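S.K.: pasting the structure only:
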């Protein structure tokens with residue numbers, strides 16, 4: 001659907017090609033091909049039902065991943081290496097040179113990666129907890145440490161940048177925001193936060209480009225991206241550009257009628273979105289008043305209805 005977007009292709013083969021390229025995909029496929037070919041020549045001493053059960057799980061996960069991105073989860077990767085270990089158990093002699101050492105190296109790297117991810121996740125969750133409890137300085141310290149710990153993760157860097165923005169730690173926040181954009185250039189909120197810091201530092205040209213990138217990446221699901229771009233134009237004296245942004249936003253977000261709003265048939269996500277749409281209407285009313293045009297009162301009424 002054109003109304004939604006994703007930064008993942010929902011296909012493990014295409015995702016592997018996109019992230020690893022042709023060379024790494026070729027060697028990964030070659031590795032699995034030789035292993036599977038050699039492992040079938042002799043039988044393992046382990047019960048066959050155990051091996052076949054694991055293989056069935058991997059095949060099922062692979063088939064599902066042709067329409068999703070399951071292999072982002074470390075548990076599935078661990079299952080794959082568990083299968084490799086079963087197939088290379090005593091009783092199996094593989095002629096591929098140094099295979100066991102290669103497998104051991106892969107297993108070690110996987111262990112380091114999973115351990116790093118678990119530690120990073122623990123820091124991140126503790127930081128979010130401190131944030132909710134109002135200890136912002138402690139939260140920022142934890143989120144910053146989590147963002148510095150490998151592997152890179154967009155949301156961790158992004159939340160650290162948001163906290164830096166609230167605490168006015170501009171230098172650190174700019175670095176974290178830039179890191180968020182670098183780790184996932186398709187994330188609209190990363191561009192939005194980066195634009196906010198650029199604005200603070202007075203780089204208006206680059207800030208405008210980042211605000212616009214954010215809107216282009218997700219024009220349908222985040223009305224606050226339009227709001228922030230409109231505010232940027234308004235506060236920099238570009239009233240007509242702000243008006244154009246708001247016109248486009250209100251066409252995309254007519255959302256619910258007044259009857260639907262007043263019927264209270266909206267969930268919490270709808271209500272949150274309506275609050276932002278109300279702000280769009282208030283900004284539109286302000287511009288209409290500034291430019292001497294009619295219709296401001298109607299937009300104020302819409303805002304009032306949406307905020308109830």
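M.R.: Noted; the coordinates are in hand. Just so we're clear, the structure is a prediction, and the values are computed from it rather than from any experiment.

S.K.: Under a three-state scheme, what state does residue 68 occupy?
M.R.: The local conformation at residue 68, judged by DSSP: H, G, I helix; E, B strand; the rest coil, is coil.

S.K.: ok, it to residue 54 distance?
M.R.: With the distance defined as Cβ to Cβ, to the nearest Å, residue 68 ends up 20 Å from residue 54. Placement of C-beta: from N, CA and C, glycine included.

S.K.: neighbour count winner among those two?
M.R.: Remark: of residue 68 and residue 54, residue 54 carries more neighbours, 18 against 14, as counted by other Cβ atoms under 10 Å.

S.K.: That one and residue 244: what is the separation?
M.R.: Distance, residue 54 to residue 244, using Cβ to Cβ: 58 Å.

S.K.: Quick check: buried residues in stretch 239-249?
M.R.: The neighbour-count check on stretch 239-249 (16 or more other Cβ atoms under 10 Å) flags 241, 242, 243, 245, 246, 249 as buried.

S.K.: From the chain's centroid, how far away is it?
M.R.: Relative to its parent chain, stretch 239-249 has a centroid offset of 28 Å by Cα atoms, centre = their mean, to the nearest Å.

S.K.: same check, this time on stretch 206-226
M.R.: Distance, stretch centre to chain centre, for stretch 206-226: 15 Å (Cα atoms, centre = their mean).

S.K.: Name the nearest residue to residue 54, sequence neighbours excluded.
M.R.: Excluding the flanking residues, the one nearest residue 54 by Cβ to Cβ, 6 or more residues apart in numbering is residue 83, at 4.7 Å.

S.K.: Residues in contact with the host helix or strand of that neighbour: which ones?
M.R.: Here residue 83 is covered by helix 74-87, with elements defined by DSSP states H and E. For helix 74-87, the external contacting residues (Cβ atoms under 8 Å, 6 or more residues apart in numbering) are 35, 39, 44, 46, 50-51, 54-55, 57-58, 61, 70-71, 103, 106-107, 110, 113-114, 117.

S.K.: now it, how far from the chain's geometric center?
M.R.: Its chain's C-alpha centre and that of helix 74-87 lie 26 Å apart, by Cα atoms, centre = their mean.

S.K.: what about residue 215, neighbour count?
M.R.: If you count neighbours by other Cβ under 10 Å, residue 215 ends up with 20.

S.K.: Let me see the contact set for residue 61.
M.R.: Shown in contact with residue 61 (Cβ under 8 Å, 6+ apart): 70, 71, 76, 79.

S.K.: Just give me the closest of those residues to residue 210.
M.R.: Comparing the contacts of residue 61 against residue 210 with Cβ to Cβ picks out residue 71 as the nearest, at 31.2 Å.

S.K.: on that earlier part again, sort out which of the contacts of helix 74-87 are in strands and list them.
M.R.: Assignment to strands by DSSP state E places none of those there.

S.K.: So which of these belong to helices?
M.R.: 35, 39, 50-51, 54-55, 57-58, 61, 103, 106-107, 110, 113-114, 117 (DSSP state H).

S.K.: I'd like to know which of those has the lowest per-residue confidence.
M.R.: Of all the ones in helices among the contacts of helix 74-87, residue 39 has the smallest pLDDT value, namely 64.

S.K.: Below-threshold pLDDT in this structure: ranges please.
M.R.: Counting by pLDDT under 70, the chain shows low-confidence ranges at 1-8, 38-47, 49, 72, 74, 86-100, 103, 255-271, 308.

S.K.: Buried residues in stretch 136-146, which are they?
M.R.: Buried-residue list, stretch 136-146, by 16+ other Cβ under 10 Å: 139, 140, 141, 142, 143, 144, 145, 146.

S.K.: Noted, bye for now.
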